[in-house]
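Colleague: missing the sequence, but the structure's below:
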């Protein structure tokens, strides 16, 4: 890892995925086949921990996706259990909810009571357009509860035919709901970055860097159909939107944490911008207190649930 921890202070990967150990291998194989890409871990919590230790990542946020309305309960119970191990793992899991959950207020209150801090939405895997009234209601009530809302934005490499969250849809949600803690993954809209630059930069919304800049590692024999944005577009979005609203994320296991860190380090950004992107912005959004930040590098931090 090329970034100097002394200058950056901390590295928080705000966008990672893990899967239950019993189905992790099968799930990773399925998603790798669908996307044609090479995974960089086995998709388990233990695999993510090992990567973090090797890459000197201080904290990772896991973003589970409820692909059916029935999954939310199990997802949120598992997240709570995993977060109780945070002092040892430095992995924090958000909660999950599906737009077809009519009892969304009850679910969101439970997520808040469990201290999960946020939710992940995935319009493509949930088969719902982001400007649907059901998402707006979820985002509005989540905002009332102070929860962070992370959503997949733009195309999905595994489900590219229909885009369920375009920058225009995100713009509508920002206008109608005015959430304080909305995070649009993949720099605001995967493969739709010119539209992000034109529509979303400067708005009150966070963008994460997951699977947006660098190189896609394709499986052998797979057509290299997609490319990530170049450094000029990446810097243009950061410059127009402001480094204060950019969060470092990798989409692990679909990007290597070490390579993603090196990609950010290689950009012509000021040191204070790198510190904000790599960890300070995430720490502020997660409401981590000063002692956590101080102790984070020593792997002796208390749970952010107590912040």
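Modeller: Looks like it came in fine. Since this is a predicted model, take the numbers as computed values, not measurements.
Colleague: Next, work out how far apart the residue in the chain sticking out farthest from the centre and residue 40 are.
Modeller: Using C-alpha atoms, centre = their mean, the residue of the chain lying farthest from its centre is residue 221. It sits 29.0 Å away. Remark: distance between residue 221 and residue 40 (C-beta to C-beta, to the nearest Å) = 19 Å. Every C-beta, even on glycine, is put in place using the N, C-alpha and C of the backbone.
Colleague: ditto for residue 218
Modeller: Residue 218 is 13 Å from residue 40, by C-beta to C-beta.
Colleague: More neighbours: the two, which one.
Modeller: More crowded of residue 218 and residue 40, by other C-beta atoms under 10 Å: residue 40, with 20 against 15.
Colleague: ok, now which ones touch that one?
Modeller: Contact analysis of residue 40 by C-beta atoms under 8 Å, 6 or more residues apart in numbering lists 51, 217, 252, 253, 254, 255, 256, 257.
Colleague: Just give me the neighbour total for the third one.
Modeller: By the other C-beta under 10 Å criterion, the neighbourhood of residue 252 contains 28 residues.
Colleague: Run a quick neighbour tally on the nearest residue to it once chain neighbours are set aside.
Modeller: Spatially, and ignoring its direct neighbours in sequence, residue 252 is nearest to residue 16 (4.3 Å; C-beta to C-beta, 6 or more residues apart in numbering). Residues lying near residue 16 (other C-beta under 10 Å) number 27.
Colleague: Show me which residues of the strand or helix carrying residue 141 are buried.
Modeller: With secondary structure defined by DSSP states H and E, residue 141 is part of helix 133-144. If you call a residue buried by 16 or more other C-beta atoms under 10 Å, then helix 133-144 has these buried ones: 134, 135, 136, 138, 139, 141, 142, 143.
Colleague: Dump the residues you listed into TSV; add distance to residue 69 and pLDDT as well.
Modeller: Below are these laid out as TSV (distance: C-beta to C-beta, whole Å; pLDDT from 0 to 100):
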residue	distance to residue 69	pLDDT
134	11	98
135	14	98
136	18	98
138	12	98
139	17	98
141	17	98
142	17	98
143	22	98
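Colleague: what two of these are the furthest from one another?
Modeller: Spanning the widest gap among the buried residues of helix 133-144 are 134 and 143, at 15.1 Å by C-beta to C-beta.
Colleague: mind listing what residue 267 touches?
Modeller: 231, 234, 235.
Colleague: ok, and the most crowded of those?
Modeller: For the contacts of residue 267, neighbours tallied by other C-beta under 10 Å; top is residue 234, 22 neighbours.
Colleague: Let's see which of the contacts of residue 267 end up in helices.
Modeller: Members of the contacts of residue 267 lying in helices (criterion: DSSP state H): 231, 234, 235.
Colleague: Pick the one among those residues closest to residue 266.
Modeller: Once C-beta to C-beta is applied, the member of those that ends up nearest residue 266 is residue 231, at 8.0 Å.
Colleague: Give me the spatial nearest neighbour of that closest one, chain neighbours excluded.
Modeller: Distances taken as C-beta to C-beta, 6+ apart place residue 267 nearest to residue 231, at 6.2 Å, with adjacent residues excluded.
Colleague: Give the rounded mean pLDDT of stretch 107-120.
Modeller: Averaged across stretch 107-120, pLDDT comes to 98.
Colleague: in it, what's buried?
Modeller: Buried, per 16+ other C-beta under 10 Å, within stretch 107-120: 107, 108, 110, 111, 112, 114, 115, 116, 117, 118, 119, 120.
Colleague: what's the burial count for residue 177?
Modeller: Residue 177: 20 neighbours (other C-beta under 10 Å).
Colleague: Can you report phi and psi for it?
Modeller: Backbone geometry at residue 177, expressed as degrees, to the nearest 10, gives phi -100, psi -30.
Colleague: Please verify my assumption that it contacts residue 136.
Modeller: Yes. Residue 177 is within contact range of residue 136, at 5.4 Å (criterion: C-beta atoms under 8 Å).
Colleague: report the angle between the axes of the helix or strand in which residue 108 is found and helix 133-144?
Modeller: In this structure, residue 108 sits in helix 104-113 according to DSSP H and E. For helix 104-113 against helix 133-144, the angle by axes from the mean of the first three to the mean of the last three C-alpha atoms, to 10 degrees is 30 degrees.
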